[in-house]
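>>> Predicted coordinates and the sequence they were generated for:
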Protein chains: 2
Amino acid sequence: MSILVVGSVAYDGIETPFGKVDRILGGSATFISLTSSYFHQPLKLVGVVGNDFADGDLNRFKDKNIDLEGLQIDNSGKTFFWQGKYHFDLNNRDTLDTQLNVFEHFNPVIPESYQDSRIVCLGNIAPALQSKVLDQVQKPDLVILDTMNFWIEGARNDLAEALKRSDVLIINDSEARELSNEPNLVKAADAIRAMGPDVLIIKKGEHGALLFTDGNIFSAPAYPIIDIFDPTGAGDTFLGGFAGWLARSGDYSNDNFRRAVVYGSAMASFCVEKFGPERLFDLTAKEISERYAEFRSLSAIPVQIDELI
Amino acid sequence: MSILVVGSVAYDGIETPFGKVDRILGGSATFISLTSSYFHQPLKLVGVVGNDFADGDLNRFKDKNIDLEGLQIDNSGKTFFWQGKYHFDLNNRDTLDTQLNVFEHFNPVIPESYQDSRIVCLGNIAPALQSKVLDQVQKPDLVILDTMNFWIEGARNDLAEALKRSDVLIINDSEARELSNEPNLVKAADAIRAMGPDVLIIKKGEHGALLFTDGNIFSAPAYPIIDIFDPTGAGDTFLGGFAGWLARSGDYSNDNFRRAVVYGSAMASFCVEKFGPERLFDLTAKEISERYAEFRSLSAIPVQIDELI
């Protein structure tokens, strides 16, 4: 079982009410692969960085046993850079600067040693590129797709093609409503699953997540976080934990999809405790297990003691 | 064990995307008492209606074994009337008309036969009146308080007094943030519980509810409703189910508060299936038990099968 992760590798400048960093490792493939590495190794990463990417940062991936054969180093320009500032309540942010740089012409090439990956994680990139990745891999067990409003609005046909070929779609509630043109999330889920993915996860930020599979809905709670430090990458981290657990267990039952959602939620709850992906470097397996257990007790409904009948 | 319910008894005019009624039974005490009656009888109701209140509607309460000794009939005017129209997504509504009528000078008088009630439900009325009710009852086991932005903004001192004397506060997330002046709900809960109520429930509409007790947080899912017909009274119905279960069981443990939140959520999920309180007249105990079970399976997190350590 191996995991292929395709997405952006970037530098981010982040300001939150609690502090500011000018330049920190970022990008969807970064968060996904670092997170998955806690569950399953090696991870196979495909992305592109520029001539300014630090050797020290390459080593941070290698230390986590992340295979960088598919990471292109494009010396013609700089690494994708994003800068943003979060508002007081952390639910909204302003993008202050976006420099696509070498990412603008990113053309994912899947090395031969990656092509038999069993789980393919397609981070939030142009849907046409997501399909291009799928053209290059042999038949994986599971294709997990992320996308965003930008592609739903601007590349709907490409997205429809990518959706037909994916097994799991992970989006947030506003994206689900926009993609389906349906305000009710249960109806939206039916409509989206008819577009291709058997499994749909709708992330609701501070309200948890919903998992839709055949005839089954799971409502996962959000971890009650007192001090959210920086929300950057939480969604990608969710995807990484979800995929990592499935790769580790190799079990695609409804119950195990539920576990995967909880591991994803648990990892995201750690991610937001520090700037960028910093928290994803020093986690322990014990911490992850304990947080899973906290999710269980948070949402446990006791049995009925009197059935009223 | 008896339940005292104080609040409004009203007629509502409701328009939703699915239909329109010009005049239907409404008011917080109506929804709370009808709901509680499924769990525990008799209910003791205190409220006021005007000279236009139909005998047939009085009988609908009596049929549910709701004690109306405390229902004042004020022949000097008409019954409280509210008219509203819900938007397409049902999350927002416009108030089209509010005629307080006899409710404007409502002065709750608690009959002697009500004064030893063990659970006191204070529906959303002026906090000064809520305190006035508490002046008239002997020491109840539990005082459950509802309030709204209007009182948080306009009667903060009175509300502080009522809060000091209550055991459970049930409000929504925006009200919790406004009352505590704190965007983070976990911190908001700490601040609000310091104002008096040991138990705080934060309702989050389509996102479920949070229960805060000493050192314990419970996240209850929302029932995934495909066809919400009319949201009117859902919050009061939640309170009625919550209080009803606690009265029936007489158990104030953390686990049992969780059950009460689930019964409240289950009853609210029924309420929205029809106009006004109509669905609360034809429920069966079996339906309620089955919905409780659905809530359990909706949020059940399987045990870890591999603790990663």
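Arrived safely.

>>> Can you report how many residues neighbour the residue nearest to A:L100 when sequence neighbours are not counted?
Spatial nearest neighbour of A:L100, chain neighbours left out: A:F80 (5.8 Å); criterion: C-beta to C-beta, 6 or more residues apart in numbering or on different chains. In short, each C-beta sits where N, CA and C put it, glycine included. For A:F80, the count of nearby residues is 24 (other C-beta atoms under 10 Å in any protein chain shown).

>>> Could I get the pLDDT score of A:F80?
Here the pLDDT value assigned to A:F80 is 97.

>>> my read: it touches A:D12, true?
No - with contacts counted by C-beta atoms under 8 Å, A:F80 stays clear of A:D12, the gap being 9.2 Å.

>>> what do these two both touch?
Residues touching both A:F80 and A:D12 (C-beta atoms under 8 Å, 6 or more residues apart in numbering or on different chains) are A:G27.

>>> can you map out the helices along the stretch 101-250 of chain A?
Applying DSSP state H, counting those that start in this stretch to the stretch 101-250 of chain A gives helices spanning A:127-136, A:149-154, A:156-164, A:173-180, A:185-193, A:234-249.

>>> For chain B, which of those is the nearest?
helix A:185-193 (4.7 Å; C-beta to the nearest C-beta).

>>> Does that closest one reach chain B?
Yes - using C-beta under 8 Å from any C-beta of the partner chain, helix A:185-193 reaches chain B at A:L185, A:V186, A:K187.

>>> Helix, strand or coil: sort out A:Q83 for me.
Assigned with DSSP: H, G, I helix; E, B strand; the rest coil, A:Q83 falls in the strand class.

>>> who wins for most neighbours among the residues of helix A:185-193 next to chain B?
A:L185 (24 neighbours).

>>> is it true that that residue touches A:E175?
No - using C-beta under 8 Å, A:L185 is not in contact with A:E175; the gap is 11.3 Å.

>>> near chain B, which residues of the stretch 1-150 of chain A?
For the stretch 1-150 of chain A, the residues in contact with chain B (C-beta under 8 Å from any C-beta) are A:Y38, A:F39, A:F88, A:D89.

>>> try it again with 6 Å
Contact residues (C-beta under 6 Å from any C-beta of the partner chain) of the stretch 1-150 of chain A with chain B: A:D89.

>>> All the strands of the stretch 1-150 of chain A, in order from the start?
With strands called from DSSP state E, counting those that start in this stretch, the stretch 1-150 of chain A shows them at A:3-6, A:10-16, A:19-26, A:43-49, A:66-73, A:81-86, A:93-99, A:119-122, A:142-146.

>>> what inclination does the fourth one have with respect to strand A:10-16?
In terms of direction (axes from the mean of the first three to the mean of the last three C-alpha atoms, to 10 degrees), strand A:43-49 departs from strand A:10-16 by 90 degrees.

>>> which neighbours does strand A:43-49 have in its sheet, and in what orientation?
When sheet partners are counted by DSSP bridges, strand A:43-49 sits next to strand A:3-6 (parallel), strand A:66-73 (parallel).

>>> Can you tell me which of those is packed in deepest?
Comparing the strands paired with strand A:43-49 by mean neighbour count (mean count of other C-beta atoms under 10 Å in any protein chain shown), strand A:3-6 ranks first with a mean of 31.

>>> what's that one in contact with?
Residues outside strand A:3-6 that contact it (C-beta atoms under 6 Å, 6 or more residues apart in numbering or on different chains) are A:29, A:32-33, A:36, A:43-46, A:108, A:114, A:117, A:119-122, A:133, A:243, A:247.

>>> quick one on the thing from earlier: how about CSV for the strands paired with strand A:43-49, with mean pLDDT added?
Shown next, in CSV, are the strands paired with strand A:43-49 (pLDDT from 0 to 100):
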stretch, mean pLDDT
strand A:3-6, 98
strand A:66-73, 98
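
>>> quick one: which of the ones you listed is nearest A:G84?
Closest approach to A:G84 among those is made by strand A:3-6 (22.5 Å; C-beta to C-beta).

>>> Export only the CA atoms of the closest one, formatted as PDB.
Provided in PDB are the C-alpha atoms of strand A:3-6 (Å, rounded to 0.1, in the frame of the first residue of the first chain):
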ATOM      1  CA  ILE A   3       0.100   6.900  -1.000                       C
ATOM      2  CA  LEU A   4       0.700   9.300  -3.800                       C
ATOM      3  CA  VAL A   5       0.200  13.000  -2.900                       C
ATOM      4  CA  VAL A   6       0.000  15.700  -5.700                       C
END
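
>>> For chain B, see how far away the closest residue to A:L96 other than its chain neighbours is.
Spatial nearest neighbour of A:L96, excluding adjacent residues (C-beta to C-beta, 6+ apart): A:Q83 at 4.5 Å. For A:Q83, the distance to chain B (C-beta to the nearest C-beta, to the nearest Å) stands at 24 Å.

>>> Looking at the strand or helix carrying A:E290 now, give me its mean pLDDT.
Assigning secondary structure by DSSP states H and E places A:E290 in helix A:285-299. Taken as a whole, helix A:285-299 has a mean pLDDT of 96.

>>> That helix vs helix B:285-299, what angle?
Orientation check (the same axes, to 10 degrees): helix A:285-299 against helix B:285-299 gives 160 degrees.

>>> what residues does the stretch 201-309 of chain A put near chain B?
Counting by C-beta under 6 Å from any C-beta, the positions of the stretch 201-309 of chain A adjacent to chain B are A:207, A:217, A:219, A:221, A:224, A:226, A:255, A:258-259, A:262, A:285-286, A:288-289, A:292, A:296, A:298-299, A:301-302, A:304, A:307-309.

>>> Neighbours of A:Q99, how many?
Neighbours around A:Q99, by other C-beta under 10 Å: 17.

>>> what's the answer for A:W245, then?
Residues within reach of A:W245, counting by other C-beta under 10 Å, total 29.

>>> Same question for A:D52.
A:D52 has 14 neighbouring residues, counting by other C-beta under 10 Å.

>>> Who are the contact partners of it?
By C-beta under 6 Å, 6+ apart, the residues touching A:D52 are A:K78, A:T79.

>>> Quickly note the distance from it to chain B.
With C-beta to the nearest C-beta as the criterion, A:D52 and chain B are 36 Å apart.

>>> And the pLDDT for that residue?
pLDDT, A:D52: 98.

>>> got it, and A:G19?
Note on A:G19: pLDDT of 90.

>>> so it bridges to which residues?
Note on A:G19: beta-bridge partners A:T16, judged by DSSP bridges.

>>> A:R259 - nearest residue in space that isn't next to it in sequence?
Nearest residue to A:R259, sequence neighbours excluded (C-beta to C-beta, 6+ apart): B:P302, at 5.6 Å.

>>> hang on, that neighbour in a strand?
No - under three-state DSSP, B:P302 sits outside any strand and is assigned coil.

>>> That one touches A:D255, doesn't it?
Yes - contact criterion C-beta atoms under 6 Å: B:P302 and A:D255 qualify, at 4.6 Å.

>>> if I look at the two, which residues touch both of them?
By C-beta under 6 Å, 6+ apart, no residue touches both B:P302 and A:D255.

>>> Can you tell me the closest non-neighbouring residue to the residue in the stretch 1-150 of chain A that chain B sits nearest to?
When scored by C-beta to the nearest C-beta, the stretch 1-150 of chain A has A:D89 as its residue closest to chain B, at 4.3 Å. Among residues not flanking A:D89 along the chain, B:P183 sits closest, at 4.3 Å (C-beta to C-beta, 6+ apart).
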